[in-house]
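Enquirer: From the sequence below, what's the structure:
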Amino acid sequence: QVQLVESGGKLVQAGGSLRLSCAASGLAFSTYAMGWFRQAPRKEREFVAATGWSGSSTYYADSVKGRFTISRDNAKNTVYLQMNSLKPEDTAVYYCAAGSVAGPQGIGGINYWGKGTLVTVSS
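Expert: Numbering: from 1, shown residues only. Below is the predicted model of the structure:
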């Protein structure tokens, strides 16, 4: 049974930092592209960041470029999202996803989703 479990979301002040983690189990983690998406209240889910199998290729939405960093540790079956200079508009539920290939638009062929972790940025 595949599980993606996100953690690290909490309430933080604008300008602060958070690191989200997504622990994967039940899949050959190092063969999957991994990514983060988010969904704000009353908005559609949107792409945030993605990384390929090795972690050497990374992609970001324009809205987070320069502030967020995605990384992965294949030995720990975990993908991370370091979020700096947080803004109130970053408030959302953040979801981890596993799929076939990472690219500038996100992840192609998403097979699995986590249940999400809530990030709230206060002004």
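Enquirer: Quick one: residues contacting the residue most central in space within the chain.
Expert: Closest to where the C-alpha atoms of the chain average out (C-alpha atoms, centre = their mean) is Trp36, at 2.4 Å. Going by C-beta atoms under 8 Å, 6 or more residues apart in numbering, Trp36 touches 20, 22, 48-50, 70, 79, 81, 94-97. All C-beta atoms are positioned from the backbone trio N, CA, C, and that covers glycine.
Enquirer: Does Ile107 touch Ala33 like I think?
Expert: Yes: using C-beta atoms under 8 Å, Ile107 is in contact with Ala33, at 5.2 Å.
Enquirer: The helix or strand bottoming out on mean pLDDT in the chain pairs with which strands?
Expert: One helix or strand of the chain scores below all others by mean pLDDT, DSSP states H and E: strand 106-108, with a mean of 92. When sheet partners are counted by DSSP bridges, strand 106-108 sits next to strand 101-103 (antiparallel).
Enquirer: List the neighbours of the partner strand that are in contact with it.
Expert: Strand 101-103 is contacted by residues 33-35, 50-52, 57-59, 107-109 when judged by C-beta under 8 Å, 6+ apart.
Enquirer: quick one: which two of those are the most distant?
Expert: Using C-beta to C-beta, the contacts of strand 101-103 span at most 18.2 Å, a distance reached by Thr58 and Gly109.
Enquirer: before we move on, back to that, nearest to Ser85, of the contacts of strand 101-103?
Expert: Thr58 (17.7 Å).
Enquirer: Could you give the bridge partners of that closest one?
Expert: Under DSSP bridges, the residues paired with Thr58 across the bridge are Thr51.
Enquirer: What segments of the chain are strands?
Expert: Under the criterion DSSP state E, the chain contains strands at 3-7, 11-13, 18-25, 33-39, 46-51, 58-60, 68-73, 78-83, 92-99, 101-103, 106-108, 112-113, 117-122.
Enquirer: What helices and strands are in contact with the fifth one?
Expert: Using 3 or more C-beta pairs under 8 Å, 6 or more residues apart in numbering; DSSP states H and E as the contact definition, the elements that strand 46-51 packs against are strand 33-39, strand 58-60, strand 68-73, strand 78-83, strand 101-103, strand 106-108.
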